[in-house]
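Participant: Fold the following and give me the result.
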Amino acid sequence: MSTATETQEPEMGLTFEKVWAALLKSQENFDRRTKEADRQLQETRQLIGDLGRKFGSAVEHMVAPNLVEKFNALGFNFTKYGPNIAISDKTRKLAAEVDVFLENGDCAIAVEVKAQLKIDDVKEHVERMQVLRRYADAHQDSRKFYGAVAGAIIHGNVKEYALKTGFYVISQSGDTMRIDVPEGFKPRAW
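Facilitator: Got it, this is the predicted structure:
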């Protein structure tokens, strides 16, 4: 039996303080999980980037040795080629990087190599060709410069765009690479 002097506090279900504490705890857990997910995503992006670079490098090394022979069969007479060519000015300021560069005394072909070629890659290669032309002009190099794009995967619309741009298209054909030169194709000279 209770006396009048005893007081019982009524149970108060949810209070503002309890709800606020629960929200803060929930936010802390969310922030911690978000940071962990961001860290894992960054690691994954780095791994994918590294794999893409390694695959692109492997494609460059597979493509480069055979290109001289294949372009010479089209009437070129290339005597030199090199993978990963950096072209810079006297101040060592980088003008352009070319995945594969074939050359002789009359002309040169700059080849952009991608694992999967995209339209943006073709557009970037047009810009690279313009830089190469300006660089050549500034150094009294009157050779004609041609462009080519290569890829292990090239979708039809990308191939069509590259050809319309005036680039040779080098694609995978079984265990080797082939240069697509459709009837009526006229390569663009820079």
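Participant: Wait, S88 touches V98, no?
Facilitator: No - under the criterion of Cβ atoms under 8 Å, S88 lies out of contact with V98, with a separation of 11.9 Å. The way it works is simple: take the backbone N, C-alpha and C, and place the C-beta from them, glycine included.
Participant: Compare those two (neighbour count), which wins?
Facilitator: When S88 and V98 are compared on other Cβ atoms under 10 Å, the one with more neighbours turns out to be V98, at 23 against 12.
Participant: what's the neighbour count on I119?
Facilitator: Residues contacting I119 under the criterion other Cβ under 10 Å number 14.
Participant: Can you show me the helices along this structure?
Facilitator: Assigned helices in the chain, in chain order: 16-73, 119-138, 156-165 (criterion: DSSP state H).
Participant: how about these, which one is nearest Y81?
Facilitator: When the helices of the chain are ranked by distance to Y81, counting by Cβ to Cβ, first place goes to helix 16-73 at 5.2 Å.
Participant: remind me which residues of this structure are low pLDDT?
Facilitator: By pLDDT under 70, the weakly predicted segments of the chain are 1-12, 48-65, 92.
Participant: rerun that using 90 as the cut-off
Facilitator: Counting by pLDDT under 90, the ranges of the chain that qualify are 1-69, 79, 81-96, 114-115, 138-139, 151-153, 171-178, 180.
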